[in-house]
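[1] test case, fold it:
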Amino acid sequence: MNIEREDTGLLTATLKLKIEPADYDPGVEHALKAQRKSASWPGFRPGQVPMSIVRKRIGKNVLMKEVERLIGESLNGYIQQNGLRPLGQPLANHDVVDGNNWDEPGEFTFHYELGLQPQFDVELNEKLGVEYPVVDISEELVTKEITDMQRRFGKVEDVTVSEENDMLLGDLIELDETGAIKPGGFMNRTTISLEYLKNEVARKLLVGRTPSEEISVDPHTISDGHDDLARMLNTDHEGVHQIQGNMLFRIAEIKRMIAVPVDQVLFDRVFGQGAVADEAAFREKVKNGLDSSLRRDSDRVFKRLVMKTLQEKANIELPHTFLKRWIQATSQKPVTTEEVEAGFDGYVAGLKRELVEQRVIEKYGLEAKGEEMDAFAKRYVTDQLGQYGMPAPEGAELQQMAGRLLGDREQIKRIRDTIVEQKLMVHFKNMLSPKEGRLSFDEFVNLARTV
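    Numbering: from 1, shown residues only. As a prediction, this is how the structure comes out:
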């Protein structure tokens, strides 16, 4: 086996593989002998099929699988031995043909394109100048949270006339071009929450209504997009496109959420018996709870701000031509060149974030260690059992349960990502000593959406 590398650009290279019969013959012979032992073909006793027939029938397929195995093994070995950092996996270049003949095998030559990660550095210090965003908890925000609590602990009652925040349960029915009910058309029981309707005309149309009333409505004004309308009609996205004109909404029931008052009963239900004695103390605890909850969101936004700033300072270049080909070649579903182009900027931005994060993890030694993952798995098992009131196991039993958790590839990734995320946040705060930047809730939400 021989591999030659030719650099084709700053971050691209071609790997030329030459595979000799001496490389693949042992594996092919071993596989053919194994197949012969288990072969049960008409006219021959099991295990007695002549090797010449076995070779004729399946020899080519066995050869191709063995060569494919050798290619993968050799490429991975070459990349590791030479300390290369590829972007994705090497791509076979089928445009270059070197006379490979599977029917008369001899020396095989294959060409693979390789994209390489760019070299760059990151530096974490106070000069980075990233502020830690904090929501300024206003009295308006506290009042809104308390209003939500009143509704959360309230009760739903039937009413006879609809108001602006009520829920209407009824049948949404498809009509034909004359306005009559369409035979075989859509008809489904659904709920319309007037409080969340974005279309003011539709809300006004449905206020002041009573059960059994029938109203002609534009279905797109009572739903939040095609997916939402599809759920309301119990159909799929394509089904929605077939609907023409208005539909009939036949009201069956009207429900109203009756909020509980702000009194001692609410105080006790939210914070426990006797924890709060008056409304002022209640508002203060709600405010502290909001601050604690939103600080977790601040952590996530702060991390993204740091990563964005590091990415901008690193000025990372990527091999765009290779990446576009790689996306098309590895996509689970066929994608066109136009589709790749349309989403390419977003893909590149995500890849750069990933490369920057990995560089930070490597430089500052923030990767999750085996003992940390083991300890995390044990805490997770203990917490899960505790939620069901079950005592936590100890010793070998706890280790065995944690081991089963760590035997799941998806769980390993989740645990690793959680540990690394926590390490990154602690490290960023320690290294950057960020100043707090206070924002209104709306400003914070806009920042979270754009960073």
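
[2] how far is stretch 99-114 from where the chain is centred?
    39 Å (CA atoms, centre = their mean, to the nearest Å).

[3] end-to-end on that stretch?
    Stretch 99-114 has an end-to-end distance of 22 Å (CA to CA, to the nearest Å).

[4] what packs against the longest helix belonging to the chain?
    Longest helix in the chain, counting residues (DSSP state H): helix 279-314. Helix 279-314 is packed against strand 132-135, helix 139-152, helix 264-271, helix 337-363, helix 409-432, helix 441-450, with contacts defined by 3 or more CB pairs under 8 Å, 6 or more residues apart in numbering; DSSP states H and E. To be clear about C-beta, it is placed using only N, CA and C from the backbone, and glycine gets the same treatment.

[5] mind listing what's buried along the helix or strand bottoming out on mean pLDDT in the chain?
    Lowest on mean pLDDT, DSSP states H and E among the helices and strands of the chain sits helix 237-241, with a mean of 85. Within helix 237-241, the residues scored as buried using 16 or more other CB atoms under 10 Å are V240.

[6] how far out from the middle of the chain is that helix?
    Using CA atoms, centre = their mean, the offset of helix 237-241 from its chain centre is 25 Å.

[7] now do it: which elements does it pack against?
    helix 226-233.

[8] what pairs with the longest strand along the chain, parallel or antiparallel?
    For the chain, the strand that runs over the most residues, judged by DSSP state E, is strand 247-258. With DSSP bridges as the test, strand 247-258 is paired with strand 155-158 (antiparallel), strand 167-174 (antiparallel), strand 214-217 (antiparallel).

[9] pull the distance from the longest one to the chain's centre.
    I take that to be strand 167-174. So, by CA atoms, centre = their mean, the centroid of strand 167-174 is 34 Å from its chain's centroid.

[10] how far off helix 226-233 does that strand point, in degrees?
    Here the directions of strand 167-174 and helix 226-233 differ by 90 degrees (axes from the mean of the first three to the mean of the last three CA atoms, to 10 degrees).

[11] give me the buried positions along strand 167-174.
    For strand 167-174, by 16+ other CB under 10 Å, it's M167, L168, G170, D171, L172, I173, E174.

[12] export the residues you listed to CSV and tack on pLDDT and distance to S293?
    Output for the buried residues of strand 167-174, formatted as CSV (pLDDT from 0 to 100; distance: CB to CB, whole Å):
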residue, pLDDT, distance to S293
M167, 96, 27
L168, 97, 32
G170, 97, 36
D171, 97, 40
L172, 96, 37
I173, 96, 43
E174, 95, 44
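
[13] just name the closest of those residues to N188, please.
    Using CB to CB, L172 is the member of the buried residues of strand 167-174 that lies nearest N188, at 5.7 Å.

[14] hang on, the closest one packs against S216?
    No - L172 is beyond contact range of S216, at 11.4 Å (criterion: CB atoms under 8 Å).

[15] give the rounded mean pLDDT of the longest helix of the chain.
    For helix 279-314, the mean per-residue pLDDT is 95.

[16] got the contact list for N101?
    With contact set as CB atoms under 8 Å, 6 or more residues apart in numbering, N101 has no partners.

[17] which of the helices or strands spans Q273?
    Secondary structure assignment for Q273, by DSSP states H and E: no helix or strand.

[18] done for today, thanks.
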